[in-house]
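Student: pasting a predicted model and its sequence here:
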Amino acid sequence: MRAPLPPSLYAETALPAPETPALDGDRRVSVAVIGGGYTGLSTALHLAERGIDTVVLEAHEPGWGASGRNGGQVNPGLKHDPDRIEKDFGTDLGSRMIALSGGAPDFVFTLVRQQQIACEAIQSGTLRVAMEPRTIAGLRATGEQWNRRGAGLVPLRDEGAEAFTGTRRYVAGLLDPRGGQLNPLSYARGLARAAIAADARVHGGTRVTRAQRDGTTWRLDTPTGTVRAEKIVLATNGYTDDLWTGLRRGHVPVYSAIVATEPLPEALARRITPHRASVYEMGEITVYYRLDQQGRLLMGGRSVQREVGRPEDLRYLIDYAIELWPELARVGWTHGWSGQIAATTDHYPHVHEPHETVLACLGYNGRGVAMSSAMGPELARRVAEGPTARFDMPVTGIREIPFHGLWRQAVQARVLYGRIRDAFRL
Ligand SMILES: Cc1cc2nc3c(=O)[nH]c(=O)nc-3n(C[C@H](O)[C@H](O)[C@H](O)COP(=O)(O)OP(=O)(O)OC[C@H]3O[C@@H](n4cnc5c(N)ncnc54)[C@H](O)[C@@H]3O)c2cc1C
């Protein structure tokens with residue numbers, strides 16, 4: 001059954017959703033994509049553009065998962081710095097991973113323009129900020145490594161960080177002009193519309209309950225029909241269930257949450273991120289924020305490990321924002337919501353090919369707006385041209401995390417520990 005969109009600012013402000021009726025009856029297709037977030041929709045769009053008969057099967061509606069609830073920060077790169085990526089994967093694959101992830105925001109902003117998606121996208125930069133002197137060296141190293149590769153990042157001292165954020169909390173910053181922001185649910189719906197226009201069929205309210213090999217095809221069972229597909233792509237990220245044995249146990253689903261204000265008075269909005277960069281802090285617990293085009297502040301961070309639907313549930317984020325900008329004590333906080341991402345233990349996205357006709361891709365570790373979109377053409381090429389096609393991410397076997405069942409307590413404990421360290425500036 002199609003669950004309604006969880007309450008969020010985007011549920012009230014996004015572009016209307018395209019028609020995505022549930023699957024009705026039995027179909028045969030070349031490729032079935034399971035999951036209708038950015039990964040699935042971008043893959044389906046690029047498959048359909050190659051003339052490949054593609055269907056998307058989404059349990060609820062396109063953008064129902066993290067893709068319709070995230071912070072809207074279009075951030076470049078992977079979690080690890082470029083030198084580390086080349087050390088881990090060698091210079092050939094490593095440099096291709098760096099190029100893919102560094103160019104992922106450009107990919108998003110170009111796609112938005114080409115497909116004319118009205119999602120308030122602006123390439124206004126990503127700003128990382130350091131709160132403790134001990135993290136400055138790491139920030140500088142990140143900038144230096146990217147700039148050796150021509151990225152054009154700008155290091156900022158404390159007063160530079162203050163000019164970009166309107167708070168004295170930060171001791172340094174690193175401005176990355178490749179990044180930016182958008183309305184995530186509008187972008188997801190725009191991608192779905194583009195995929196449909198390219199002749200992919202997108203079915204909402206269609207959870208795949210079983211995937212079974214049947215001769216030379218896959219038989220996918222859903223409550224309202226069956227799809228027989230030559231190939232399948234699993235794009236279920238933090239909402240992965242037990243459809244594919246072991247996939248759910250290869251990562252840790254972690255909740256992140258966001259609170260939003262009403263549109264801020266103009267003078268205050270001009271002070272907090274005057275250039276509208278997307279900001280994220282380099283603390284024990286990452287806090288991220290941006291101002292949207294209407295001048296609302298959206299601040300996000302790790303969450304209690306459950307769905308929340310009201311700003312009062314996220315009082316600690318509101319208190320933190322007021323600590324940064326005391327004027328925010330006098331504005332209305334209108335929305336609060338959460339959603340799940342997939343965290344991997346090595347902090348890299350995971351691409352698996354458990355059968356020559358099956359691909360799975362997930363685990364963007366908080367950089368998924370850009371990365372999951374950019375994986376679309378990569379996955380489409382691999383599906384269309386096979387395992388010898390160029391592919392700019394490592395393809396690995398599914399590795400289950402030992403004691404996976406304990407993840408919820410472990411994440412909660414880690415979040416608490418991080419909050420205490422940040423609160424006491426340890
Ligand atoms: C609160 C929050 C803030 C975030 N902020 C940022 C940010 O600012 N910048 C950034 O880069 N990233 C951010 N992220 C992460 C980013 O949103 C994700 O990495 C990205 O959206 C992943 O897209 P996806 O398509 O892989 O997964 P999702 O968008 O989660 O889509 C997976 C879909 O699979 C469907 N599904 C699952 N099982 C089945 C099944 N059996 N059958 C059919 N359908 C199924 C689900 O219904 C879901 O819609 C944030 C995430 C959250 C939750």
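Tutor: Great, that's in hand. Predicted model, so just to flag it, every value in this text is computed and none were measured.
Student: burial count for the residue of the stretch 301-426 of the chain found nearest the ligand?
Tutor: Going by C-beta to the nearest ligand atom, the ligand is nearest to residue 368 of the stretch 301-426 of the chain, at 1.7 Å. Where C-beta positions appear, they are placed from N, C-alpha and C, glycine not excepted. Neighbourhood size, residue 368 [other C-beta atoms under 10 Å]: 25.
Student: distance of the nearest residue to residue 332 once chain neighbours are set aside from the ligand?
Tutor: Leaving out its chain neighbours, the residue that sits closest to residue 332 by C-beta to C-beta, 6 or more residues apart in numbering is residue 262, at 4.3 Å. Distance of residue 262 to the ligand, given as C-beta to the nearest ligand atom, to the nearest Å: 20 Å.
Student: would you confirm that residue 262 contacts residue 296?
Tutor: Yes - between residue 262 and residue 296 a contact is recorded at 6.6 Å, counting by C-beta atoms under 8 Å.
Student: same drill for those two, tell me which one is more crowded.
Tutor: A side-by-side neighbour count of residue 262 and residue 296, using other C-beta under 10 Å, places residue 296 first with 20 against 14.
Student: so that one makes contact with residue 259?
Tutor: No - contact between residue 296 and residue 259 fails when scored by C-beta under 8 Å: they sit 10.2 Å apart.
Student: give me the number of residues near the residue nearest to residue 271 when sequence neighbours are not counted?
Tutor: Using C-beta to C-beta, 6+ apart and skipping the chain neighbours, the partner closest in space to residue 271 is residue 166 (3.6 Å). Using other C-beta under 10 Å, the number of residues around residue 166 comes to 17.
Student: spell out which parts of the stretch 251-400 of the chain neighbour the ligand.
Tutor: With C-beta under 6 Å from any ligand atom as the criterion, the stretch 251-400 of the chain meets the ligand at residues 256-258, 288, 300, 338-341, 362, 364, 366-370, 372.
Student: that older thread, ok, now how distant is the residue nearest to residue 332 from residue 314?
Tutor: 16 Å (C-beta to C-beta, to the nearest Å).
Student: then residue 401?
Tutor: Here residue 401 is placed at a distance of 28 Å from residue 314 (C-beta to C-beta).
Student: tell me which of the two has more neighbours.
Tutor: residue 314 (25 against 14).
Student: need the three-state assignment for that one.
Tutor: Assigned with DSSP: H, G, I helix; E, B strand; the rest coil, residue 314 falls in the helix class.
Student: re earlier: what residues are shared contacts of residue 262 and residue 296?
Tutor: Common neighbours of residue 262 and residue 296 (criterion: C-beta atoms under 8 Å, 6 or more residues apart in numbering): residue 334.
Student: which parts of the stretch 201-350 of the chain are helices?
Tutor: Using DSSP state H, counting those that start in this stretch, the helices of the stretch 201-350 of the chain run over 266-271, 315-324.
Student: among the ones you listed, which comes closest to residue 333?
Tutor: Residue 333 lies closest, by C-beta to C-beta, to one member of these: helix 315-324, at 5.5 Å.
Student: would you reformat the helices of the stretch 201-350 of the chain as JSON lines and include mean neighbour count and mean pLDDT?
Tutor: Converted to JSON lines, the helices of the stretch 201-350 of the chain look like this (neighbours: other C-beta atoms under 10 Å; pLDDT from 0 to 100):
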{"stretch": "helix 266-271", "mean neighbour count": "14", "mean pLDDT": "95"}
{"stretch": "helix 315-324", "mean neighbour count": "17", "mean pLDDT": "96"}
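Student: mind putting these in JSON lines, distance to residue 160 included?
Tutor: JSON lines is the format used below for the helices of the stretch 201-350 of the chain (distance: least, C-beta to C-beta, whole Å):
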{"stretch": "helix 266-271", "distance to residue 160": "15"}
{"stretch": "helix 315-324", "distance to residue 160": "17"}
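Student: to residue 63, which of those helices lies closest?
Tutor: With C-beta to C-beta, the closest approach to residue 63 among those belongs to helix 315-324: 22.7 Å.
Student: report the distance from that closest one to the chain centre.
Tutor: Its chain's C-alpha centre and that of helix 315-324 lie 24 Å apart, by C-alpha atoms, centre = their mean, to the nearest Å.
Student: need the residue closest to the centroid of this structure.
Tutor: Taking C-alpha atoms, centre = their mean as the criterion, residue 368 is the residue nearest the geometric centre of the chain, at 2.6 Å.
Student: can you map out the strands along the stretch 151-300 of the chain?
Tutor: Ranges of strands within the stretch 151-300 of the chain are 154-157, 172-176, 180-181, 201-203, 210-214, 217-222, 225-234, 252-261, 278-281, 287-291, 297-302, based on DSSP state E, counting those that start in this stretch.
Student: show me where the stretch 51-200 of the chain has helices.
Tutor: 82-89, 91-102, 104-114, 136-148, 158-165, 184-197.
Student: state the distance from the residue nearest to residue 271 to residue 273.
Tutor: Counting by C-beta to C-beta, the gap from residue 166 to residue 273 is 7 Å.
Student: over to residue 44?
Tutor: Going from residue 44 to residue 273 by C-beta to C-beta gives 34 Å.
Student: more crowded one of the two?
Tutor: The residue with more neighbours, out of residue 44 and residue 273, is residue 44; 35 against 21, by other C-beta under 10 Å.
Student: state the mean pLDDT of whichever strand or helix holds that one.
Tutor: Counting by DSSP states H and E, the element that carries residue 44 is helix 38-49. The average pLDDT for helix 38-49 rounds to 98.
Student: from the contact counts, what lies against that helix?
Tutor: Helices and strands touching helix 38-49, by 3 or more C-beta pairs under 8 Å, 6 or more residues apart in numbering; DSSP states H and E, are strand 25-34, strand 54-57, helix 184-197, strand 358-362, helix 368-385.
Student: give me the buried positions along the first one.
Tutor: By neighbour count, with 16 or more other C-beta atoms under 10 Å as the criterion, the buried positions of strand 25-34 are 27, 29, 30, 31, 32, 33, 34.
Student: who touches it?
Tutor: For strand 25-34, contacts defined as C-beta under 8 Å, 6+ apart pick out 40, 43-44, 47, 52-57, 201, 208, 211, 217-218, 220, 224-236, 243, 383.
Student: what bits of this protein have low per-residue confidence?
Tutor: Low-confidence segments of the chain (pLDDT under 70): 284, 403, 405-426.
Student: how does it divide into domains?
Tutor: Using automatic domain parsing, the domain parsing of the chain gives 1-121+183-250+346-426, 122-182+253-343.
Student: so who does the residue of the stretch 301-426 of the chain closest to the ligand touch?
Tutor: Residues in contact with residue 368, defined by C-beta under 8 Å, 6+ apart, are 38, 39, 66, 67, 70, 237, 341.
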